[in-house]
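Q: Below is the sequence, then the predicted model.
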2 protein chains.
Amino acid sequence: MRKVILDLAVTLDGYIEGSNGEVDWCIPDDDMDFPGFLAGIDTILYGRVSYEMWGNFQPDASAGETEKAIWAAVHTKKKMVFSSQEWQDSKATFISSAIPEKITQLKQQDGKDIWLYGGAKLITTFIQNGLIDVYRISVHPTVLGAGKPLFQDLKERINLHLTEVNRFKSGVVQLIYERKV
Amino acid sequence: MRKVILDLAVTLDGYIEGSNGEVDWCIPDDDMDFPGFLAGIDTILYGRVSYEMWGNFQPDASAGETEKAIWAAVHTKKKMVFSSQEWQDSKATFISSAIPEKITQLKQQDGKDIWLYGGAKLITTFIQNGLIDVYRISVHPTVLGAGKPLFQDLKERINLHLTEVNRFKSGVVQLIYERKV
């Protein structure tokens, strides 16, 4: 069955962004093989705000080749946007209700894995409903002190199985877990 | 100069214990070489409550040999207890004021490294005052959802330098950082 994958950078104290949305602690790491990750997925899930910001983003002409290649690969994927209002956008499918049921259906269809892009509210909905199969968490060497936590408002603890650890020159450590079922 | 080392187990969401003090998620890991860590220190720092609970703890006769050896090693160390009241205990030195100054003096004396044992309040004081040189954080494969966070009430962010990553069979990943100065 296809897996729903969360791939995210966090600070050592578990924040995905600072109190004012800061992500300046986030270190881009070329040796992280993000293109390899993208090759394994064919669908991206966005919240409405994230889709508006990043769903059709085009890097500047001055951007590096790797960055351009990553965005080109992102825009070949099937996109699904979760929003309480119905929307019009020929490049995405909109889902406004029954998220757990629709994700369960999606996972049973043929295809590659599914990347849960964010934002925070959608991620929380997915975590709370047990819809994430793989957590790929890149722990950055910064303690931020305050901000938006990755894990919030959980109803029960989640037990995970560690499958992979990758250490990068930047001091980032990527921890990959699967949900214990 | 001697280093102050924090060695602690945390959940993936950064808690050192659950809302009701639960530490049942904490996996004892024989291959973690805790005796090797103990060999490198000669002083242990406690808060008052932690010292009362663990400062003179003796394991049951039924405990394993490794556990007995660890506690015997712990009790050969010099112990310092931070408390607002003065106390009497021939086995420990008490410190009731001027923590940053006294720790700075302690670090300038000859000796092995210094283990900051805890509890949470003392750890927070040390973090807030920039007194920790090495963070040895064992990330456990559990998302707890609520509890007592390792990092709280920070005034500013802390930038760290990753020095070591150890992965254990249990799914625990030990991340070792030094403070950037």
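A: Nice, thanks for sending it over. Numbers count the residues shown, from 1 in each chain, chains lettered A, B, ... in the order given.

Q: in chain A, what spans have low per-residue confidence?
A: Residues of chain A meeting the criterion pLDDT under 70: none.

Q: mind listing the strands for it?
A: A:4-11, A:15-17, A:41-47, A:78-82, A:93-95, A:113-118, A:134-140, A:142-143, A:148-149, A:158-167, A:173-179 (DSSP state E).

Q: what does chain A put close to chain B?
A: A:12-14, A:25, A:127, A:137, A:139, A:141-146, A:149-151, A:154-162, A:165, A:167, A:171-173, A:175, A:177 (C-beta under 8 Å from any C-beta of the partner chain). Placement of C-beta: from N, CA and C, glycine included.

Q: Now, of these, which are buried?
A: A:12-14, A:25, A:127, A:137, A:139, A:141-146, A:149-151, A:157-158, A:160, A:162, A:171-173, A:175, A:177 (16 or more other C-beta atoms under 10 Å in any protein chain shown).

Q: quick one: contacts for A:L8?
A: Each residue near A:L8 by C-beta atoms under 8 Å, 6 or more residues apart in numbering or on different chains is listed here: A:I16, A:G118, A:I123, A:R136, A:I137, A:S138, A:L150.

Q: Quick check: the two most widely separated of these?
A: A:I123 and A:S138 (14.6 Å; C-beta to C-beta).

Q: okay, those two: which has more neighbours?
A: A:I123 (23 against 20; other C-beta atoms under 10 Å in any protein chain shown).

Q: and the gap between the more buried one and chain B?
A: 12 Å (C-beta to the nearest C-beta, to the nearest Å).

Q: thinking that residue is in contact with A:L116, fair?
A: Yes - applying C-beta atoms under 8 Å, one finds A:I123 in contact with A:L116, separated by 6.5 Å.

Q: Return every residue with contacts to both of those two.
A: Residues touching both A:I123 and A:L116 (C-beta under 8 Å, 6+ apart): A:L6.

Q: What backbone torsions are found at A:S19?
A: phi -60, psi -30 (degrees, to the nearest 10).

Q: Excluding chain neighbours, give the residue nearest to it in space.
A: A:A146 (4.8 Å; C-beta to C-beta, 6 or more residues apart in numbering or on different chains).

Q: Pull the contacting residues for that neighbour.
A: Counting by C-beta under 8 Å, 6+ apart, A:A146 makes contact with A:Y15, A:G18, A:S19, B:L154.

Q: Then A:R2?
A: A:L106, A:K107, A:Q108, A:Q109, A:G111, A:K112, A:D113, A:I114.

Q: which of the residues you listed are buried?
A: Judged by 16+ other C-beta under 10 Å, buried ones among these: A:L106, A:K107, A:D113, A:I114.
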